[in-house]
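[1] generate coordinates for the sequence data below:
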Amino acid sequence: MASEMELINFRNVGDVLKLVMKHIDKSAPIPTAATWNAISRLIFKDQRFHHNRLELEQQIHALLQHTTNSLGKCKPKELATITLSIAKIVRSIREAHERRRVNFYHQAFGKVLQESSSNPNQGIFHALAKATDANLLLFESQALANTAYAYALLGYDPKIDE
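    Here you go, the predicted structure:
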């Protein structure tokens, strides 16, 4: 799998996803967190679009499925990074809709990460909240603050089943 440094150096979302798809079965939680972080930064700037929207949506679904499956192995900092990165992507999509400046990536990520234009995908955020709750005592202050900020960005109230 790509290292965090390799992911930081990418300049567009498509290249990040291509690399991740090549190694997705082998990736560890740290590169998964770095992947979401890279995408959250690039989705704002990226103007080179993936040529096949269906393929892009399948790649996003695969990354999301891999992320969900690996949450139990994530350390608190990684969980916080994933949660905040996905929240930033969802916020970017909302803002793009409000400004009526939705690009190709906003549409594809929105289809996967949102249930509607104003509501995030409850499944992924519930899974993140459960993983966070299971490790809450291990969270350092920065990871806890980032997680709380992520939920505040979305106006999401994480309800954990007892």
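
[2] who's in contact with L42?
    Shown in contact with L42 (CB atoms under 8 Å, 6 or more residues apart in numbering): F10, R11, N12, V13, V16. All C-beta atoms are positioned from the backbone trio N, CA, C, and that covers glycine.

[3] ok now the biggest helix by length in the chain, how far from the chain's centre?
    The longest helix of the chain (DSSP state H) is helix 76-99. Taking CA atoms, centre = their mean, to the nearest Å, the mean C-alpha location of helix 76-99 is offset from the chain mean by 6 Å.

[4] who's in contact with the following helix or strand past it?
    Next along the chain after helix 76-99, taking DSSP states H and E as the criterion, comes helix 104-113. Helix 104-113 is contacted by residues 13, 39, 43, 46, 49-50, 53, 56-57, 60-61, 64, 86, 89-90, 92-93, 96-97, 102, 117, 120-121, 124 when judged by CB under 8 Å, 6+ apart.

[5] got the angle between helix 104-113 and helix 76-99?
    With axes from the mean of the first three to the mean of the last three CA atoms, to 10 degrees as the basis, helix 104-113 and helix 76-99 are set at 120 degrees to each other.

[6] let's have the chain start at 550 instead
    That works, and once the first residue is 550, the last one we named lands at helix 653-662.

[7] how about the helix or strand following helix 653-662: buried residues?
    Reading on from helix 653-662 to the C-terminus, the next helix or strand found by DSSP H and E is helix 671-683. Neighbour counts using 16 or more other CB atoms under 10 Å place I673, F674, A676, L677, A678, A680, T681 of helix 671-683 among the buried residues.

[8] excluding residues flanking it in the chain, which one is nearest the second one?
    Meaning F674. Y705 (5.6 Å; CB to CB, 6 or more residues apart in numbering).

[9] helix, strand, or coil at the one you found?
    For Y705, the secondary structure call by DSSP: H, G, I helix; E, B strand; the rest coil comes out as coil.

[10] do you know how far the residue nearest in space to the middle of the chain is from R590?
    Residue closest to the average C-alpha location in the chain (CA atoms, centre = their mean): I635, at 3.1 Å. Distance of I635 to R590, given as CB to CB, to the nearest Å: 13 Å.

[11] look up phi and psi at the residue lying closest to K637 once chain neighbours are set aside.
    Leaving aside its sequence neighbours, K637 sits nearest to S589 (CB to CB, 6+ apart; 4.2 Å). With angles defined as degrees, to the nearest 10, S589 sits at phi -60, psi -30.

[12] was I right about S589 contacting I638?
    Yes - S589 is within contact range of I638, at 5.1 Å (criterion: CB atoms under 8 Å).
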